[in-house]
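> Got a sequence here, can you model it:
(2 chains)
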Amino acid sequence: EADIYQTPRYLVIGTGKKITLECSQTMGHDKMYWYQQDPGMELHLIHYSYGVNSTEKGDLSSESTVSRIRTEHFPLTLESARPSHTSQYLCASSAPYEQYFGPGTRLTVT
Amino acid sequence: AQSVTQLGSHVSVSEGALVLLRCNYSSSVPPYLFWYVQYPNQGLQLLLKYTTGATLVKGINGFEAEFKKSETSFHLTKPSAHMSDAAEYFCAVQGAQKLVFGQGTRLTINP
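Take a look at the predicted model:
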């Protein structure tokens, strides 16, 4: 079983608030990813990292930002949440030829 | 560039019936292919993968998939559906730096 964790699992927050979604993995993987997924829909890559101090934007433009100060930690931040940010956010890390996913954070912005 | 097409956004089968979820890929290099399953309110879990070697790949929960290069396909099958198989299934191909996912297929099992 993969050891990748996301907190919180569910978050309901008001418009304009700053939020940070946490993602941690204990497998020592260099590559990590953030996906955005609306219910029942496909996954969209929004950020990825190849290692410490490496971050790249993904295929889908996002107002969120990420940081990678430690190998095991890859948090995602929204400076000012809006209703359009309501979605599920999935974090993943990868070994060669396999990607491991966290349980996701379901974000609702009211 | 790599791409994946899953045929059918929604598949419905009866309990005990054959499950067939279709996936076609495009890749300029020998592909590495994956099937993931996602249960409600959870992340994705790897079902099986093809990298090299045997073209018939067996995965967890009784699923298997066959890599057919001539048809550029990697269809997922299970001989007998169980109610617990109801979920979203994603096919993916390894791209240059990341996985490229299909749109997903929702599998519904009828009692």
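> residues touching the nearest residue to residue B:10 once chain neighbours are set aside, list them.
Nearest-residue entry for residue B:10: residue B:106, 4.8 Å, with adjacent residues in sequence omitted and distances by CB to CB, 6 or more residues apart in numbering or on different chains. C-betas here are computed from N, CA, C, even on glycine. When contacts are counted by CB atoms under 8 Å, 6 or more residues apart in numbering or on different chains, residue B:106 is found next to A:40, B:9, B:10, B:11, B:87, B:88, B:89.
> mind running it again at 10 Å?
Neighbour list for residue B:106: A:40, B:8, B:9, B:10, B:11, B:12, B:21, B:38, B:86, B:87, B:88, B:89 [criterion: CB atoms under 10 Å, 6 or more residues apart in numbering or on different chains].
> just the buried members of those residues?
Buried by 16 or more other CB atoms under 10 Å in any protein chain shown: B:11, B:21, B:38, B:86, B:87, B:88, B:89, out of these.
> which among these gets closest to chain A?
For the buried ones among the contacts of residue B:106, the residue nearest chain A by CB to the nearest CB is residue B:88; the value is 7.0 Å.
> Residue B:35 is in contact with that closest one, correct?
No: using CB atoms under 10 Å, residue B:88 makes no contact with residue B:35, being 11.4 Å away.
> hey, what's in contact with both of the two?
Residues within reach of residue B:88 and of residue B:35 at once, by CB under 10 Å, 6+ apart, are residue B:44.
> Checking my notes, residue B:30 in a helix, right?
No: according to DSSP: H, G, I helix; E, B strand; the rest coil, residue B:30 belongs to no helix; its state is coil.
> What does the pLDDT read for it?
Residue B:30 carries a pLDDT value of 84.
> May I have the residues that are in contact with whichever residue of chain A sits closest to chain B?
Proximity of chain A to chain B (CB to the nearest CB) peaks at residue A:101, 3.5 Å away. Contact analysis of residue A:101 by CB under 10 Å, 6+ apart lists A:2, A:4, A:6, A:33, A:35, A:43, A:90-94, B:36, B:38, B:42-46.
> mind running it again at 7 Å?
Contact analysis of residue A:101 by CB atoms under 7 Å, 6 or more residues apart in numbering or on different chains lists A:4, A:90, A:92, B:43, B:44.
> Surely the third one and residue A:103 touch.
Which is residue A:92. No: contact criterion CB atoms under 7 Å: residue A:92 and residue A:103 do not qualify, at 11.2 Å.
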